[in-house]
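>>> coords below, sequence missing:
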């Protein structure tokens, strides 16, 4: 599956915010692109824009596998500039400080996990953006296996395909299918321009009903 | 349903805190007045005291309703000085920055939602107190409908009637029925005065058993 | 049940962190020693190391018990230097500011509750480390009863025996059975020494696969 | 709010089944009309078709209300021929044998509760169709209050308006908005006719892909 | 802890049903005596009346314990005539066919588990009443440990003391504290006598409101 | 990935039951092979033994896909004699009567879904064994997409590989990895032979402790 990576998309996406991108996807008929609300950033300023490198995780069958961490390490080593690692639902701790160090070196822009992380204070100290379901100190060894990367996965109850655009900020995580990326970016950039005017009108006392009727923005 | 709004209640309530008000309601036989614990403030200093303007929300039947946001805007425009908007259980994001701007202009003291908000960083930046179940960037349009405001609702597994007094701080959200407001405020003000002495005795080493036996406060 | 309390254990444990201790317990065959991930600290710097004083809690049968708070106060008054109070699953608020004051006076190093606390801002202000499932302003009176302390309990889906060593930090809470304390401490101290080298290698661009193959640490 | 009650609708609806009605509503753009899957019949043959009489329930504020069961009894006494009582989310047991007896006398065709029932074996013995979230022997007194009937409610995460058509069978519960009742019935009756042919073809070995391509039915 | 075992209590209790006993306990101020609704009988006719022999279960620390099943077997061997085994919250399968055989031999009247069972079809075939949270084929070995029996426990979110009276039928499981057993039985026997009349009146068309006003029974 | 299909395995597996197979897998170090307990048969006699044909499902991105049901139909048409279809976690209804008809024609022995089915009464009437999380009448169209079959999946929180042996009965669903199939079958057959003796001894009054000590079986 080859997906387009236009040179300006990541830069433009990083200027937007998730609420406006989610609204535009709604209007385009993509109404299930926002990850479940329990996937949260480790720190308030965390923001990610980039291309999904997906990782498919399953519960481990054996406590002591023959080749520990094999699939997880292969996924980290496959990361390229502007990638966002997106990890399917798992119960233990998938991530940590050492992997953050390795990922950042490869140009990875952040990690989104429908699971847990550890070494949390050190990752926050690095300023490396991780969005996850929670924090847990249990190792992944003997708990999780990676069956492969860059496969279709489900993360936060949303289908994520390799190469989808990911935008994550304090309001959540949005998945933009590659096929509608340009259309989404354009419409979102337009919508942002309209909001400043409405905000000013409401602060001056215009009724919300009136403001929406006049500008069509809420 | 007309409810009393005594001029000093909101001011007196805002001097108290939820734990002491909850204790007093327990003693008066109102043992289910605290919202479920997953309704939390967006920032630690958030505090609200005021009169409930209730909003009844249902899942939307249609993705593209004829009159978008109609009931939600009507509820916002109905807000008066010292009101607290209290919103029934819903699955998407009910609130945002522009509505916060409109609500604050009308004198609304804060919002309590058994649901989600977005534009979260901007709302925190405004210092506008919002208590909610979480953060999600999905629009309410085509997900939620407001069937009316100032009706009896359930929020956080507690019945809330229009005009009930609401107190919200870092320990949670308490609903004070209008009919016992004066009695509750008086008893709570009295209890606060007793706690300073006990705190001092415990810090000096009095056993907890002894302190409770002597002062009846814990 | 008498358990060993070696004089250096608490000091050495407090130099470690939960992720490394959890890894060592895994290797020793203790794979269920980490509390459920929804038990979190009230503030990021909270850290506890000490011996478990366990408290067994049940839902109250009567709203107005003959001897209010009796078992809870007895447990607090039984606390000794270097103890950590560990409380079994409960639905209301078990803890508060006054009890924190009493516990600290007795040398208690912190509290871990599979339940809720209140007076949260004051406890944070004291810097007293509390790990809990959440915050709720409801009193324990008429909601919870303590049937005894220093009994075997379940907290966060982990069995905790009186005198077990407890380590809690931002990554979670780990229970070290008394019988393997010395062995666990030694192995954890050794593992910490190896991690600095790996971190440096990854930051210099060594692949994660290569680093794990060479040093066996992740 | 007056809604249409066409004389033939209930009879025609009772000849259909929920899966085919749900499919038709999907095609008409009503994609959230099926109650949550944990609302199940008390016995496999239970089937209901009729008009919703909605009941709005809230948690009780007081253990010993002045007028016990008042709103609940009023709702039962308001039932008319061909009504289905539909009850909003509640935590205790809303229904029982005596109320079933009273409801049946009034021509009520069944009850759908986002909550619990008791006297379950007796209700099954009567053959009175009740769909509910579960079985619990706790009385509603002091646990639930009815604030009114024939108001908009949420039941099983679906908005239900007074007078909506309800169809319930072993596959679930579907809500047909009054405004699209005729259109839904016609399309569902048509779809049923096509399924017999497809079933026969698949039993004779036609591939599922081929059958769907040829007949457009699955 | 010695508790009374009056010779007629079990026989009288077995003539009653859970809904009426629960109502009486409510009136006596015991409002939290009904187990959580997900604890259900394996077959509809299952009914138990007897004295609680409580079992305290914790998650296993080690996969291969030195003395497998030790506490579980000791609890089964301690069963006496008219006992009901009541087991605290656990995640795996606590019970099976062989233990049912052993328990029945000792005169045990049934088992209530806030956990799972296996060998389910064989237990149903024996007609041995088991109430549990579900069915799961995983062994308890290396998953659960019994720390002791005849201790205070929590089962289905209700405190159960050794010797409490247990009544379980298709409507749920009720715990009658030993201290109010006689009072509860008397009031329940009285209430049952009143219900026959009301049932008849409602079937003859008396309004539910009128019936409750006249007889005070619902 | 080619997996072995020995001619006698399915026949021998179908003579066993899940509890004994699960015990044997435990002893071999495979402790996470039992599906979550909420995956239940549609009727008590349902039993399946066969080879897993896995199906990977994701939430649909678009309500009206270009090729409806494409991946689902392809998976059904790929079924061979002695296959069991095993479907990953999904929220809507994946299965129905027409697909059961097509699957049975191809020799499929049953279906295991971490999701829902519909047309339930008709499937029960066919006697076709389906194990699932529940019953829901919503179509999969526009709710689910199949990204492929015979890929590694997670079902009921267990990793399932194409060609794994599946055994499902009233006690649950067990996954036997192909690599340990012969070993597991032999040990399970041996264990079954020992149980008859123990059952007889317990029925004659031998203590459970004694029986386990003597025969090592529980």
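Ah, there it is. Please read all numbers here as calculations on a predicted model, not as lab measurements.
>>> So in chain A, which helix runs the longest?
Counting by DSSP state H, the longest helix found in chain A is helix A:181-203.
>>> quick one: contacts of the helix or strand following that one?
Helices and strands here follow DSSP states H and E; after helix A:181-203, the next one along the chain is helix A:208-215. Identification of contacts with helix A:208-215 by CB atoms under 8 Å, 6 or more residues apart in numbering or on different chains yields A:194, A:197-198, A:201-202, A:206, A:217-218, B:68-70, B:73-74, B:76-77, B:98-99, B:102. C-beta: built from backbone N, CA, C; applies to glycine.
>>> in helix A:208-215, what's buried?
Residues of helix A:208-215 classed as buried: A:208-209, A:211-212 (neighbour count, 16 or more other CB atoms under 10 Å in any protein chain shown).
>>> Verify the contact between residue A:178 and residue A:160 for me.
No - counting by CB atoms under 8 Å, residue A:178 does not reach residue A:160; the two are 11.0 Å apart.
>>> related to what we said a few turns ago, is chain B contacted by the longest helix of chain A?
Yes - against chain B, helix A:181-203 shows contacts by CB under 8 Å from any CB of the partner chain at A:195, A:198-199, A:202-203.
>>> can you list contacts of that helix?
Outside helix A:181-203, the residues that touch it by CB under 8 Å, 6+ apart are A:4, A:6, A:9, A:12-13, A:15-16, A:20-21, A:23-25, A:27-28, A:165, A:176, A:208, A:211, A:214-215, A:217-218, B:97-98, B:101-102, B:105.
>>> Just the buried residues of those.
For the contacts of helix A:181-203, a burial check counting by 16+ other CB under 10 Å picks out A:9, A:12-13, A:16, A:20-21, A:23-25, A:28, A:165, A:176, A:208, A:211, A:218, B:97-98, B:101-102, B:105.
>>> ok now do the closest residue to residue A:83 other than its chain neighbours, which residues does it touch?
Counting by CB to CB, 6 or more residues apart in numbering or on different chains, the nearest residue to residue A:83 once its immediate chain neighbours are dropped is residue A:53, at 4.5 Å. Contacts of residue A:53 were listed using CB under 8 Å, 6+ apart, and they are A:75, A:78-80, A:83-86, A:108, A:149-150, A:162.
>>> Output the residue ranges of the strands in chain A, listed in chain order.
In chain A, the segments counted as strands under DSSP state E are A:40-41, A:48-59, A:83-87, A:93-95, A:110-113, A:116-117, A:130-132, A:134-135, A:144-149, A:153-155, A:158-160, A:165-169, A:172-176.
>>> Paired strands for the fifth one, with orientation please.
Using DSSP bridges, the neighbouring strands of strand A:110-113 in the sheet come out as strand A:83-87 (parallel), strand A:130-132 (parallel).
>>> what stretches of chain A score poorly on pLDDT?
Filtered on pLDDT under 70, chain A yields the residue ranges A:1-2.
>>> again, only this time at 80
Filtered on pLDDT under 80, chain A yields the residue ranges A:1-3, A:7, A:218.
>>> Closest residue of it to chain D?
Nearest residue of chain A to chain D: residue A:31, at 9.5 Å (CB to the nearest CB).
>>> What separation is there between that residue and residue A:194?
22 Å (CB to CB, to the nearest Å).
>>> quick one on the thing from earlier: now the contacts of residue A:53: which count as buried?
Buried by 16+ other CB under 10 Å: A:75, A:79, A:83-86, A:108, A:149-150, A:162, out of the contacts of residue A:53.
>>> Closest one of those to chain F?
residue A:162 (11.4 Å).
>>> Pretty sure that closest one sits against residue A:55.
No - Residue A:162 lies out of contact with residue A:55 (CB under 8 Å); the separation is 10.0 Å.
>>> Overlap of the contact sets of these two?
What both residue A:162 and residue A:55 touch, as defined by CB under 8 Å, 6+ apart, is an empty set.
>>> burial of the closest residue to residue A:9 other than its chain neighbours, as a residue count?
Distances taken as CB to CB, 6+ apart place residue A:181 nearest to residue A:9, at 5.7 Å, with adjacent residues excluded. A count of nearby residues for residue A:181, using other CB atoms under 10 Å in any protein chain shown, gives 21.
>>> how far away is residue A:181 from residue F:130?
Counting by CB to CB, the gap from residue A:181 to residue F:130 is 40 Å.
>>> now do residue A:170
Applying CB to CB to residue A:170 and residue F:130 gives a distance of 43 Å.
>>> now swap in residue A:111 and tell me
38 Å.
>>> Who are the contact partners of residue A:68?
When contacts are counted by CB under 8 Å, 6+ apart, residue A:68 touches A:141, C:212.
>>> Mind doing that once more with 6 Å?
residue A:141 (CB atoms under 6 Å, 6 or more residues apart in numbering or on different chains).
>>> Next: the one 10 residues further on.
Contacts for residue A:78 were tallied using CB under 6 Å, 6+ apart; they are residue A:149.
>>> distance of it from residue C:86?
Using CB to CB, one gets 43 Å for the distance from residue A:78 to residue C:86.
>>> repeat for residue A:24
Noted for residue A:24: a distance of 49 Å to residue C:86, by CB to CB.
>>> cool, and residue A:62?
Going from residue A:62 to residue C:86 by CB to CB gives 32 Å.
>>> Repeat that for residue A:80.
According to CB to CB, residue A:80 stands 46 Å off from residue C:86.
>>> One more: residue A:114?
Applying CB to CB, the value for residue A:114 to residue C:86 is 30 Å.
>>> ditto for residue A:81
As judged by CB to CB, residue A:81 and residue C:86 stand 47 Å apart.
>>> try residue A:19
Residue A:19 sits 42 Å away from residue C:86, going by CB to CB.
>>> same deal with residue A:166?
For residue A:166, the distance to residue C:86 - CB to CB - is 40 Å.
>>> rewinding a little: out of residue A:178 and residue A:160, which sits in the more crowded spot?
Neighbours around residue A:178 and residue A:160, counted as other CB under 10 Å, are more numerous at residue A:160. The numbers are 29 against 20.
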